[in-house]
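[1] Below are the sequence and a predicted model for it; my questions follow.
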Amino acid sequence: MFVETPISFVPEKQFPHLNIKYIDLNEIGQGGPEIGKLLINDILVSKHLFGGPFLKDENFIYLPIYLKSFFHKGFKIAKVDFKTFEIEMLGNFKNLINLYKIDKTFIYYFTDLDGTLSNKIIK
């Protein structure tokens, strides 16, 4: 069984009436997480770069978004409406975000590749 991580995830997934695809993937440093542009149904969502893996519910996808500014560099969780492409940023900056579970209230994620540092945030 293939377990997706920020370093190795499936770059395209098809759902009924929904196609989610990463393009122009690159590593952040050697052996680091991969980030790329996000397409939903072949439409570019934004100029931002996104990592994986993503989680999906009825109306949104949740995925790491890579942000770089003068003061900060790292990932936040992006909540993307896959009908309007509106993006909401959730949480604080992290060096790594590995999303692994979603329920009606929370998004669960690890902040390390070993899966030992677990966190959760309200959707």
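    Noted; the coordinates are in hand.

[2] Quick one: the strands in this structure, in order.
    For the chain, strands defined by DSSP state E occupy the ranges 12-15, 18-27, 34-40, 43-44, 49-50, 55-56, 60-68, 73-81, 87-94, 98-102, 106-110, 118-122.

[3] what's the pLDDT at the residue nearest to Asn41 when sequence neighbours are not counted?
    Closest residue to Asn41 in three dimensions, ignoring its sequence neighbours and counting by Cβ to Cβ, 6 or more residues apart in numbering: Asn19, at 5.4 Å. Using the backbone N, CA and C atoms, a C-beta is placed for each residue, glycine as well. Looking at Asn19, its pLDDT reads 97.

[4] and Asn19, how many neighbours does it have?
    Here the number of neighbours of Asn19 (other Cβ atoms under 10 Å) works out to 14.

[5] wait, it sits on Leu38?
    No. Judged on Cβ atoms under 8 Å, Asn19 makes no contact with Leu38 at a distance of 11.3 Å.

[6] Relative to its centre, which residue of this structure is most distant?
    In the chain, counting by Cα atoms, centre = their mean, Phe70 sits farthest out from the average C-alpha position, at 22.1 Å.

[7] How about the residue nearest to Phe54 when sequence neighbours are not counted: which residues does it bridge to?
    Nearest residue to Phe54 in three dimensions, chain neighbours excluded: Leu63, at 3.7 Å (Cβ to Cβ, 6+ apart). Beta-bridge pairing for Leu63 (DSSP bridges): Ala78.

[8] swap in Lys13?
    According to DSSP bridges, beta-bridge pairing links Lys13 with Ile20.

[9] Give me the neighbour count for it.
    With other Cβ under 10 Å as criterion, Lys13 counts 16.

[10] mind listing what it touches?
    19-21 (Cβ atoms under 8 Å, 6 or more residues apart in numbering).

[11] Sketch out the low-pLDDT regions of this protein for me.
    Scanning the chain for pLDDT under 70 picks out 1.

[12] Go again with 80.
    Within the chain, the segments meeting pLDDT under 80 span 1-2.

[13] Let's check: the centremost residue of it is which one?
    Leu63 (2.0 Å).
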